[in-house]
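Engineer: Task: produce atomic coordinates for the following.
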Amino acid sequence: MVGVDGSKYAEKAFDVAADMAKKYEAKLLIVTVYSPPAIGLLGALPPYPPLVPKEVAENLKTLYEKYIAKAKEMGVKAVESKIVPAWNLPGAGFVTEAEKQGCALTVIGSRGLTGVTRTLMGSTAEYITAHAHCSVHIVR
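Structural biologist: Purely as a prediction, here's the structure:
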């Protein structure tokens, strides 16, 4: 399973994951965790799982089509894509999905946060590495 978000780090992670999937004749699952903005205390109760806005789903569909075509060109035989809606941190949603799918390996980019944001939230890669049930390959 590889996490993608359209960044250059995710692109590199995808390339590594697709290469591994081809080499080991494994299924490649391309995943994006959609975590909506926080809701104020006085707002209405949100649906669970959160709804993915149509615009976000359409943009991801275009991204997934590109990745699926590229994986098939590279020789990967089984490729799937999925948007994972989650109210918690993206890392937590990713870890939960990897476990649900029974993944033996996850591949993620090392895209890092800096400054106060990183101090308060930590990085997604750090979270996944600390909490995943399976091996994690971080691509720089």
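
Engineer: Give me the secondary structure label for the nearest residue to Tyr48 once chain neighbours are set aside.
Structural biologist: Spatially, and ignoring its direct neighbours in sequence, Tyr48 is nearest to Trp87 (6.9 Å; CB to CB, 6 or more residues apart in numbering). For the C-beta atoms, the positions are set from N, CA and C on the backbone; glycine is no exception. Taking DSSP: H, G, I helix; E, B strand; the rest coil as the rule, one finds Trp87 in the coil state.

Engineer: Can we start the residue count at 14 from this point?
Structural biologist: Got it, first residue is 14 now, which makes that one Trp100.

Engineer: separation between Trp100 and Pro50?
Structural biologist: 11 Å (CB to CB, to the nearest Å).

Engineer: higher neighbour count, the two?
Structural biologist: More crowded of Trp100 and Pro50, by other CB atoms under 10 Å: Trp100, with 15 against 4.

Engineer: Contacts only, for that one.
Structural biologist: For Trp100, the contact set (CB atoms under 8 Å, 6 or more residues apart in numbering) comprises Ser48, Pro49, Pro59, Tyr61, Pro62, Pro63.

Engineer: what comes up buried for the strand or helix carrying Ile151?
Structural biologist: Ile151 is part of strand 148-152, with elements assigned from DSSP states H and E. Within strand 148-152, the residues that qualify as buried by neighbour count (16 or more other CB atoms under 10 Å) are Val149, Ile151, Val152.

Engineer: And stretch 23-40, by the same measure?
Structural biologist: So, applying 16+ other CB under 10 Å, buried residues of stretch 23-40: 23-34, 39.

Engineer: Just give me the neighbour total for Glu86.
Structural biologist: If we define neighbours as other CB under 10 Å, then Glu86 has 9 of them.
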